[in-house]
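J.: Output the structure for:
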Amino acid sequence: MADRKPIESWLTDMDGVLIHEGVPIPGADAFIKKLRESGKPFLVLTNNSIYTPRDLHARLRRMGLEVPVESIWTSALATAKFLDDQRPGGSAYVIGEAGLTTALHDIGYILTDHDPDYVVLGETRTYSFEAMTKAVRLINAGARFICTNPDETGPSTEGPLPATGAVAALITKATGKQPYFAGKPNPLMMRTGLNAIGAHSESSAMIGDRMDTDVLAGIEAGMQTFLVLTGLTRPEQVEDFPYRPSKVVDSIADLVDRV
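T.: So this is what the prediction gives:
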């Protein structure tokens, strides 16, 4: 592998890397502490658009992980940044929770079901048939279809839950329109995150537990990539993909000394 610049900034996924089902993964606290002491810019990323960075900061703190609000980057924030660049001061019909609606309010968007510029689909635990029907009709009437992330299922203590990508597929089937996904594996999420902390891809690293989102997005954004084996991708699955991470490690604990 070609020589890379020293790592000056870090991006890490949250679920499967730092926490698992609401419990910190061993080494996560030491990794975050080392990052904060180093002064290096870093971001904790999540494709989940339900929570605001302030919500996630509080949830992580309760688990013993001290992550500053400004070091949390969600697919909702990436979506808002994309829309603000594309059509400043626009309007959207939103299916989603506070993480998404707050991000759109913060960029000055009007949330409406009357002739919106966009239909924006995010994560929610209460997808209603009425809301999906309205989304279908608005898209058929000309609204552009945006989705926070393509994840088809999400984790819960009871088992997998249908997630944004699965609902997007339903709306696509009904409209014939594919959405633009702003979250991972779209490298847009990485690039907007890097810009937010003033970092550069050639001296940054991405840590994730999924080959198909975290590692792929990191590679496409031009970053070094580390796959941890505490989440979804199993060791025997790594060779199934046509791309490879820079390094595979057992867990986040193995990267503390790299900071």
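
J.: only C-alpha atoms for contact and neighbour calcs from this point on.
T.: Fine.

J.: Contact partners for Lys173?
T.: Applying Cα atoms under 8 Å, 6 or more residues apart in numbering to Lys173 gives no contacts.

J.: Name the SS class of it, please.
T.: Classification of Lys173 using DSSP: H, G, I helix; E, B strand; the rest coil returns helix.

J.: what about it, distance to Leu161?
T.: Per Cα to Cα, to the nearest Å, Lys173 is found 20 Å from Leu161.

J.: Ile219 now?
T.: 28 Å.

J.: Between those two, tell me which one has more neighbours.
T.: Comparing Ile219 with Leu161 by other Cα atoms under 10 Å, the one with more neighbours is Ile219, at 20 against 14.

J.: Counting by contacts, list what the helix or strand where that one lies packs against.
T.: In this assignment (DSSP states H and E), Ile219 forms part of helix 216-220. Packing contacts for helix 216-220, counted by 3 or more Cα pairs under 8 Å, 6 or more residues apart in numbering; DSSP states H and E, involve helix 187-196, strand 224-228.

J.: out of the ones you listed, nearest to Ile19?
T.: Minimum separation from Ile19 across the helices and strands packed on helix 216-220 (Cα to Cα) falls at strand 224-228, 12.1 Å.

J.: Each with direction, which strands does that closest one pair with?
T.: In the sheet, strand 224-228 lines up against strand 204-208 (parallel), strand 247-249 (parallel) (DSSP bridges).

J.: hmm, who's touching it?
T.: For strand 224-228, the surrounding residues in contact (Cα under 8 Å, 6+ apart) are 17, 202-211, 215, 218-219, 245-252.

J.: and what of stretch 20-40?
T.: Contact with stretch 20-40 is made by 8-10, 15-19, 41-42, 63-67, 155-157, 230-231, 251-256, 259, as judged by Cα under 8 Å, 6+ apart.

J.: Recalculate using a threshold of 6 Å.
T.: Defining contact as Cα atoms under 6 Å, 6 or more residues apart in numbering, one finds that stretch 20-40 is touched by 9, 18-19, 65, 252-253, 256.
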